[in-house]
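[1] Sequence unavailable; structure follows:
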């Protein structure tokens, strides 16, 4: 069935007009009532600046934080997916110990505020374990080329411990949600698929590999992509432990320039660009997976 694209309705126009009216009122309040002096001309220089030594434009504070946010989100999503896959299989395991382990992990993490987890893992991992293991000394002992590679993919040597602590905390937090996504995706496969594959003489792992997972992945990927958007927004919380992501850089810039509205509006736009781009990608992914899934079920 082909769905017709819905055009702009009267309700859409009314909502857009209401939003514009609210924005106009807020601008009026800040400009006329509060007497706030807008100064947008300085914002671009905090995003990009011209480096005279290198002879080219380089990223500045806000874009550095923007890039760090992307790194945090990608590393967190990748590692949380691995952790969530393991815990997801534990959740559907026939072993009582594995089921209890995964259930305890999910319930513990999902019922503890992420801010509490951030402080626990930052002060415990960064100040204690990483100091004992000599992580910072090891990073500093690496060659310049290796440190540049680490800085490109993760963080600079001075920020590496804080960045790693933030990643581990976010992985544990997001991994709990990934676990439930993967468990639900596998258990959502119709019972007839299990019975048909079992009747074909396939073992449990062969059933999972050839029949169940190919179908479950099509159902799992869209919510996982949605979890990526949540991870981008959740990454802002690590600013409290001085990880130099977008929100932290915004706080630093606001305290230095007192450009409260300009800085936070710019940060809002950057977050929106990042999350909205992911949303568009998710929509295309859902359409393609729906088409592929329909053809797969027909062939099976």
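    Perfect, I can see it now. These numbers come from a predicted model, not from an experiment.
[2] Just the element for residue 58, please.
    Taking DSSP states H and E as the criterion, the element that holds residue 58 is strand 56-59.
[3] host element of residue 197?
    Going by DSSP H and E, residue 197 is in helix 191-199.
[4] now the stretch 151-300 of the chain, which segments are flagged as low pLDDT?
    Across the stretch 151-300 of the chain, the ranges flagged by pLDDT under 70 are 289-300.
[5] Just the helices from it, written as ranges.
    Secondary structure of the stretch 151-300 of the chain, counting by DSSP state H, counting those that start in this stretch: helices at 160-187, 191-199, 204-207, 213-234, 246-257, 260-299.
[6] other SSEs contacting the first one?
    Helices and strands touching helix 160-187, as assessed by 3 or more CB pairs under 8 Å, 6 or more residues apart in numbering; DSSP states H and E, comprise helix 61-91, helix 96-110, helix 114-121, helix 130-133, helix 135-140, helix 213-234. From N, CA and C alone the C-beta is placed, and that goes for glycine too.
[7] Give me the buried positions along the fourth one.
    What that stands for is helix 130-133. When neighbours are counted by 16 or more other CB atoms under 10 Å, the buried residues of helix 130-133 are found to be residue 130.
[8] Now do it: distance to the chain's middle.
    27 Å (CA atoms, centre = their mean, to the nearest Å).
[9] Average pLDDT for that helix, rounded please.
    Mean pLDDT, helix 130-133: 75.
[10] So what touches that helix?
    For helix 130-133, the external contacting residues (CB atoms under 8 Å, 6 or more residues apart in numbering) are 136, 161, 164, 165.
[11] Redo the helices of the stretch 151-300 of the chain as JSON lines? Include mean neighbour count and distance to residue 68.
    Compiled in JSON lines, the helices of the stretch 151-300 of the chain are given as follows (neighbours: other CB atoms under 10 Å; distance: least, CB to CB, whole Å):
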{"stretch": "helix 160-187", "mean neighbour count": "22", "distance to residue 68": "8"}
{"stretch": "helix 191-199", "mean neighbour count": "13", "distance to residue 68": "43"}
{"stretch": "helix 204-207", "mean neighbour count": "13", "distance to residue 68": "40"}
{"stretch": "helix 213-234", "mean neighbour count": "18", "distance to residue 68": "12"}
{"stretch": "helix 246-257", "mean neighbour count": "18", "distance to residue 68": "7"}
{"stretch": "helix 260-299", "mean neighbour count": "14", "distance to residue 68": "12"}
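[12] Columns distance to residue 26 on top of the ones you listed, output as TSV?
    Below are those laid out as TSV (distance: least, CB to CB, whole Å):
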stretch	distance to residue 26
helix 160-187	32
helix 191-199	53
helix 204-207	57
helix 213-234	22
helix 246-257	18
helix 260-299	9
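[13] circling back: for the helices and strands packed on helix 160-187, give me CSV that also has distance to residue 205.
    Rendered in CSV, the data for the helices and strands packed on helix 160-187 read as follows (distance: least, CB to CB, whole Å):
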stretch, distance to residue 205
helix 61-91, 11
helix 96-110, 15
helix 114-121, 34
helix 130-133, 36
helix 135-140, 37
helix 213-234, 10
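[14] just to revisit the earlier point, now flag whichever of the contacts of helix 130-133 is closest to residue 13.
    The shortest approach to residue 13 among these belongs to residue 165, at 48.0 Å (CB to CB).
[15] Share the number of residues neighbouring residue 106, please.
    Applying other CB atoms under 10 Å, we find 22 other residues in the vicinity of residue 106.
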